[in-house]
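Novice: Structure for the following, please:
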Amino acid sequence: MTLSRRAGLGLAAMGLAAPFMAAPSMPARAAAPFRNQAAPAWYRFRIGEFEATVISDGALPLGKPGDGFPGAPPAEMNRILTDNFLPTDGVVLEQNILVLNTGRQLILFDTGMGESMGNDSRMFGPTTGRMVQNLRAAGIEPAQIDIVAVTHAHCDHCWGLVDASGARVFPNAQVAISELDLRFWTDDANKRGPAFMPIFIEGAKRNLNAYRDRIIPVRDEQPVVPGVTALATPGHTIGHHVFAISSGGRTVINSGDLAHHHAIMLRRPAWEFAFDSDPAQSARSRARMLDRVATDRHALLSYHFPWPGLGHVARQGDGYAWVPAPMNVTGLG
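Specialist: The predicted structure is shown next:
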């Protein structure tokens with residue numbers, strides 16, 4: 001009997017495969033060590049003609065929910081957290097730093113905790129202070145930043161202006177901040193009240209005074225640069241501002257600390273936050289701006305909401321709901 005060429009090739013292939021098929025199975029070995037390292041965290045998208053990049057300074061653990069939101073009824077707090085599939089024994093915020101490329105300038109919004117205050121820079125744990133490394137991972141050098149726009153002078157927003165030696169992290173940048181916050185948080189006379197005030201004042205002095213010769217005053221409804229307008233939202237601090245970024249018919253509100261938590265403070269905008277200078281005024285500013293954002297259907301970039309902090313605010317009952325933007329968006333309205 002004569003075998004066809006195709007059949008012969010098939011038998012040959014089976015013969016070649018036979019030794020491998022007959023070999024005993026080898027156990028898999030997990031020889032690679034655990035990395036235990038976070039991946040570089042940056043995210044890029046468009047706002048009209050502008051290019052926006054979100055940089056992470058790392059997670060910011062606040063501790064027990066009752067510590068951060070002292071006036072909240074515990075049962076209702078637990079319900080809100082549980083309904084949002086969040087743990088009830090601790091609250092963790094993000095630090096979402098925006099870099100805006102307008103085509104003419106690079107503007108950085110807030111700076112994270114940084115390293116300027118030594119051990120105090122880790123008061124919220126070891127996960128903060130990653131802004132510079134993530135900035136570089138996104139292809140941006142600190143020396144390229146033209147303006148640092150500071151929403152307010154708290155530690156997690158301005159302590160990254162100088163390094164551990166006191167040198168400017170952004171050697172070519174001007175700093176845009178409200179005159180009210182600049183004066184208040186660099187005045188030793190304000191080291192009173194809550195226990196955190198003395199170190200917050202010292203940190204603001206160390207970081208902001210290094211840029212005293214290059215301060216740009218931020219004022220309500222006034223542009224910082226073309227396409228970026230400051231909007232006063234006082235209460236969290238005396239001079240807290242958010243920034244409306246508009247280009248090509250699109251607007252994104254960079255909201256700073258208007259609302260710290262995507263579930264708690266949107267569902268209950270009137271609740272007090274422990275680090276508010278004036279909780280009642282802060283609640284009024286929050287209600288006013290959330291209503292505006294929801295009505296106008298503008299996108300929101302929140303400093304403390306889940307990474308990368310980008311999405312929309314929708315009305316829900318007597319409060320609001322957070323609607324994260326899809327991570328593949330190229331632009332937001």
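Novice: low-scoring stretches of this protein, by residue?
Specialist: For the chain, the stretches with pLDDT under 70 are 1-30, 328-333.
Novice: switch the cut-off to 90
Specialist: 1-40, 71, 327-333 (pLDDT under 90).
Novice: What residue, apart from its backbone neighbours, is nearest the residue most central in space within it spatially?
Specialist: Central residue of the chain (CA atoms, centre = their mean): residue 96, 1.3 Å from the mean position. Leaving aside its sequence neighbours, residue 96 sits nearest to residue 309 (CB to CB, 6 or more residues apart in numbering; 3.6 Å). Backbone N, C-alpha and C define where each C-beta goes, glycine included.
Novice: do the same with residue 280
Specialist: That would be residue 235: by CB to CB, 6+ apart, it lies 7.4 Å from residue 280.
Novice: which ones are touching that neighbour?
Specialist: By CB atoms under 8 Å, 6 or more residues apart in numbering, residue 235 lies in contact with 276, 277, 278, 279, 280, 281, 282, 283, 284, 285, 286.
Novice: give me the number of residues near the second one?
Specialist: Residue 277: 21 surrounding residues under other CB atoms under 10 Å.
Novice: Now do the same contact list for it.
Specialist: 235, 236, 237, 238.
Novice: repeat that for 10 Å
Specialist: If you count contacts by CB atoms under 10 Å, 6 or more residues apart in numbering, residue 277 has them with 152, 154, 181, 184, 190, 193-194, 197, 234-240.
Novice: Derive a ChimeraX selection command for the buried subset of those.
Specialist: Buried residues among the contacts of residue 277 (16 or more other CB atoms under 10 Å), as a ChimeraX selection:
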select :152,154,181,184,190,234,235,236,237,238,239,240
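Novice: how far away is the residue nearest to the centre of the chain from residue 262?
Specialist: 11 Å (CB to CB, to the nearest Å).
Novice: Surely the residue nearest to residue 96 and residue 54 touch.
Specialist: Yes. Assessed by CB atoms under 10 Å, residue 309 is found in contact with residue 54 at 6.6 Å.
Novice: Same drill for the two, tell me which one is more crowded.
Specialist: Under the neighbour definition other CB under 10 Å, residue 309 and residue 54 were set side by side, and residue 309 has more, 26 against 23.
Novice: dump the residue contacts of that one.
Specialist: Per CB under 10 Å, 6+ apart, neighbours of residue 309: 43, 54, 56, 93-98, 254-255, 262, 300-303, 322, 324-325.
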